[in-house]
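Engineer: sequence and predicted structure are below.
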Amino acid sequence: ILCCFSKSEMIKTVGRISVLPAFFGISEPATFGLPMMLNPIFFIPCAFVPTINACIAYFCMNTNIIGKTYAMLSFNMPSVFGAFLSTGDVKALLLVVALLILDMVLYYPFEMINLKCDCIEELINASQGYVDNDTVFKNIKILNVFTKEWALAHVYIYKKWISHVEYDVDKPLMKCKNIIDGNNLFLCPSFVDAHTHIESSLLTPANYAKLVIPHGTLTILEDAHEVANVAGEKGLGYMLSSAKDLPMRQLLTVPSCVPSVPNYENSGANFDYRIYEKFLDEKNVIGLGEVMDYEGVINNDERIGKILETARRKNCYIQGHAPLVTGNRLSAYLCANIKSDHEARQVEEVVEKYRQGMWIDIRDANTNHNMPKIIQTLKKIGNYERVSFSSDDRRSDVIQKKGHLDGIIRHAYSCGMPLTEAYISASYRPC
């Protein structure tokens, strides 16, 4: 019965074929069709569920909850009828129904694990055309982020995955449920904002998604700095819960400076390392937000040191914020395993941070105008492999007028960055 409602077409088919025989005690279609025989995933329920059923039935008979069996019927007698006919007790029929529900509950988690494995198998089959793909975009120019080229291809989609990209466009199409002619239009990976503050847009997470998704942005690294400094843990909980079930990924980096300047301002919260122990384990939390207290890092301040140690122990991404920090001070800052910076401003600063292996998140926010200078510097270096884009603090009206990551790509291109490199920095490169 569980198989009949599976998301896997193969499992669903096996389930439909197996229901009627199973009603008459014939289990071979499911046993060999899933398969259950020699399947390590189903070994545990196959071994223990019948034992649990037998123990419950024995207990009910032994305590006279149901009548004892007085007749042995044929194995292919439907169990709901056989239980009544072999005991003469209608309560035995109810017990069989209850055991059926219990068995479904016990099998369900193993079915979910098996489903994940079968989805990979189905994807492998779809990539070769053994099962129908859902959609193909034919004759579409795709950006290959590995070879840095725009190539005409057919792109096959199975469920939520790309199953195959066919660059030989003269090759006959594999079977698909939907065929969409791209007519030489362009297709590239969705955009990733390497660092932003949703609250700066003056929108809720849901309305922010409505605004940026049409601009091609499907992933952001959200640093809820202002929210946490006003509403503390409840604010972070709100941001996480509001981001659920949205048609984009809003990945949270837990703000590292709450308050921004300890002992010098009033704040709605005061985060120590214990808060990070809790939140860094949450789903859709990927790391520590911009470490603004660079002086504390460089001078081995105990508070920020414990926070950084917590993030390192949990193998989290640590985002930087170190304007005009260079030389030995920069090396000290990087020793804390901080990866990126969106605050680089001067030509020499950009060069030094790039040489030190930092990711340069080029910021294009409301009032920041350093992109032309940074891109001219990167052109001289001749390398963009550790470059990504950040909208940082960008109001919703600015996004409406100038776009989101798509607008930043246009700006970067106008400043001299090769267009293909700009697209890759907006999609594939964000660390």
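Structural biologist: Thanks, I have the structure now. This structure is a prediction, so every number in the text was calculated from the model and none was measured. Residues are numbered from 1 along each chain as shown.
Engineer: output the contacting helices and strands for the lengthiest helix in the chain.
Structural biologist: Scanning the chain for the longest helix, with DSSP state H as the assignment, gives helix 90-127. Applying 3 or more Cβ pairs under 8 Å, 6 or more residues apart in numbering; DSSP states H and E, we find helix 90-127 packed against helix 9-23, helix 43-62, helix 79-87, strand 149-158, strand 161-166. Placement of C-beta: from N, CA and C, glycine included.
Engineer: next secondary structure element downstream of it?
Structural biologist: Heading C-terminal from helix 90-127, the first helix or strand you meet, by DSSP states H and E, is strand 133-144.
Engineer: report all helices and strands that that following strand contacts.
Structural biologist: Strand 133-144 packs on strand 149-158, strand 161-166, strand 176-181, strand 186-187, helix 419-427, going by 3+ Cβ pairs under 8 Å, 6+ apart.
Engineer: most packed of these?
Structural biologist: Most buried of these, by mean neighbour count (mean count of other Cβ atoms under 10 Å): helix 419-427, with a mean of 23.
Engineer: which helices and strands does it pack with?
Structural biologist: On a contact count with 3+ Cβ pairs under 8 Å, 6+ apart, helix 419-427 meets strand 133-144, strand 191-196, strand 387-390, helix 405-414.
Engineer: out of those, which gets nearest to Leu95?
Structural biologist: Of all the helices and strands packed on helix 419-427, strand 133-144 sits nearest to Leu95, with 43.1 Å by Cβ to Cβ.
Engineer: quick one: closest of the helices and strands packed on helix 90-127 to Asn370.
Structural biologist: Between Asn370 and those, the tightest spacing by Cβ to Cβ is seen for strand 149-158, at 29.0 Å.
Engineer: before we move on, the earlier item: would you turn the helices and strands packed on strand 133-144 into a markdown table with distance to Ala206 and mean pLDDT?
Structural biologist: Shown next, in a markdown table, are the helices and strands packed on strand 133-144 (distance: least, Cβ to Cβ, whole Å; pLDDT from 0 to 100):
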| stretch | distance to Ala206 | mean pLDDT |
| --- | --- | --- |
| strand 149-158 | 26 | 96 |
| strand 161-166 | 26 | 94 |
| strand 176-181 | 29 | 95 |
| strand 186-187 | 27 | 95 |
| helix 419-427 | 23 | 96 |
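Engineer: turn these into CSV, including distance to His225.
Structural biologist: Output for the helices and strands packed on strand 133-144, formatted as CSV (distance: least, Cβ to Cβ, whole Å):
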stretch, distance to His225
strand 149-158, 37
strand 161-166, 35
strand 176-181, 41
strand 186-187, 35
helix 419-427, 23
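Engineer: looks to me like Asp361 is in a strand.
Structural biologist: Yes - per DSSP: H, G, I helix; E, B strand; the rest coil, Asp361 lies within a strand segment.
Engineer: what's the spacing between it and Ala426?
Structural biologist: Distance, Asp361 to Ala426, by Cβ to Cβ, to the nearest Å: 11 Å.
Engineer: and for Glu233?
Structural biologist: Distance from Glu233 to Ala426, counting by Cβ to Cβ: 33 Å.
Engineer: quick check: Ser86 touching Ser74?
Structural biologist: No - when contacts are counted by Cβ atoms under 8 Å, Ser86 is not listed as touching Ser74 (10.6 Å).
Engineer: point out where the stretch 51-200 of the chain drops to low pLDDT.
Structural biologist: Low-confidence segments of the stretch 51-200 of the chain (pLDDT under 70): 114-118.
Engineer: for Pro262, find the nearest of the helices and strands packed on helix 90-127.
Structural biologist: With respect to Pro262, and counting by Cβ to Cβ, the nearest of the helices and strands packed on helix 90-127 is strand 161-166 at 46.3 Å.
Engineer: what packs against that closest one?
Structural biologist: Looks like strand 161-166 contacts helix 90-127, strand 133-144, strand 149-158 (3+ Cβ pairs under 8 Å, 6+ apart).
Engineer: which stretch among these comes nearest Ile198?
Structural biologist: Closest approach to Ile198 among the helices and strands packed on strand 161-166 (Cβ to Cβ): strand 133-144, 27.1 Å.
Engineer: so what strands line up beside that closest one?
Structural biologist: Here strand 133-144 has these sheet partners by DSSP bridges: strand 149-158 (antiparallel), strand 176-181 (parallel), strand 186-187 (parallel).
Engineer: return the set of buried residues in stretch 53-62.
Structural biologist: Neighbour-count burial for stretch 53-62 flags Asn53, Ala57, Cys60, Met61 (criterion: 16 or more other Cβ atoms under 10 Å).
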